[in-house]
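Engineer: please work out how this folds:
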Amino acid sequence: AIRACLSAEMQRDERIVLLGQDIGVNGGVFRATEGLQEQFGADRVVDMPLAEGVIIGSAVGLACSGLVPIPELQFLGFGSQAFHQIEGQVARMRFRSQGRYPMPIVIRAPFGGNVRTPEMHSDAHEAKYANAAGLKIAMPATARDAKGLLAEAIRDPDPVLFCEPLR
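Structural biologist: Predicted coordinates for the structure are as follows:
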């Protein structure tokens with residue numbers, strides 16, 4: 001559902017750019033972006049280094065340039081490495097710039113505990129994002145919900161943290 005939605009939205013809007021660790025060649029840790037780099041090219045499905053702050057910071061720059069970035073964090077537990085950018089830039093930039101720089105960013109991140117993964121992989125830090133003024137949070141319960149909520153998040157001019165359940 002995630003891959004189908006991303007593909008459809010990327011066909012609809014050429015401003016959409018995906019970025020994250022291993023999302024291009026490998027198709028992401030959960031294969032949600034598998035085949036999208038072949039379909040849309042390496043300029044729109046970009047493999048990034050293992051640096052969550054760089055991934056989110058790059059998304060801010062892309063959004064300021066008029067693009068619609070969809071960064072993927074491999075796991076929400078790794079978002080702590082970019083929290084200062086998510087809360088201080090992504091969530092507030094539109095308001096800090098008096099509307100000059102909208103942030104149509106959708107941060108995709110698997111989340112949730114109790115899945116027997118290594119440290120930080122199953123951390124569930126979603127509550128701390130709920131208090132970031134200007135950031136919307138979506139947590140789909142089903143594949144159908146995920147497809148619809150993701151499409152709405154992508155079309156929203158404000159930033160959305162899109163939490164995908166690990167289970």
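
Engineer: and the residue nearest the centre of the chain?
Structural biologist: In the chain, the residue lying closest to the centroid (CA atoms, centre = their mean) is residue 107, at 2.0 Å.

Engineer: and the gap between the spatially closest residue to it that is not a sequence neighbour and residue 86?
Structural biologist: Nearest residue to residue 107 in three dimensions, chain neighbours excluded: residue 161, at 5.0 Å (CB to CB, 6 or more residues apart in numbering). Where you see a C-beta, it was placed from the backbone N, CA and C, and this is true even at glycine. Noted for residue 161: a distance of 7 Å to residue 86, by CB to CB, to the nearest Å.

Engineer: strands along this protein, start to end?
Structural biologist: 16-20, 45-47, 68-72, 106-111, 136-138, 160-165 (DSSP state E).

Engineer: tell me the most buried of those strands?
Structural biologist: With neighbours defined as mean count of other CB atoms under 10 Å, the strands of the chain peak in mean count at strand 68-72, which reaches a mean of 27.

Engineer: kindly export that one (C-alpha atoms) in PDB.
Structural biologist: Listed next in PDB are the C-alpha coordinates belonging to strand 68-72 (Å, rounded to 0.1, in the frame of the first residue of the first chain):
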ATOM      1  CA  VAL A  68       7.900  17.900  -1.900                       C
ATOM      2  CA  PRO A  69      10.400  15.800   0.000                       C
ATOM      3  CA  ILE A  70       9.400  12.500   1.600                       C
ATOM      4  CA  PRO A  71      12.400  11.500   3.900                       C
ATOM      5  CA  GLU A  72      12.400   8.000   5.400                       C
END
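
Engineer: next, the angle from it to strand 16-20.
Structural biologist: Strand 68-72 runs at 20 degrees relative to strand 16-20, counting by axes from the mean of the first three to the mean of the last three CA atoms, to 10 degrees.

Engineer: do you know the pLDDT at the residue nearest to the centre of the chain?
Structural biologist: The predicted structure scores residue 107 at 98 on the pLDDT scale.

Engineer: what of residue 132?
Structural biologist: Model confidence at residue 132, expressed as pLDDT, equals 89.

Engineer: same check on residue 165?
Structural biologist: According to the prediction, residue 165 has pLDDT 86.
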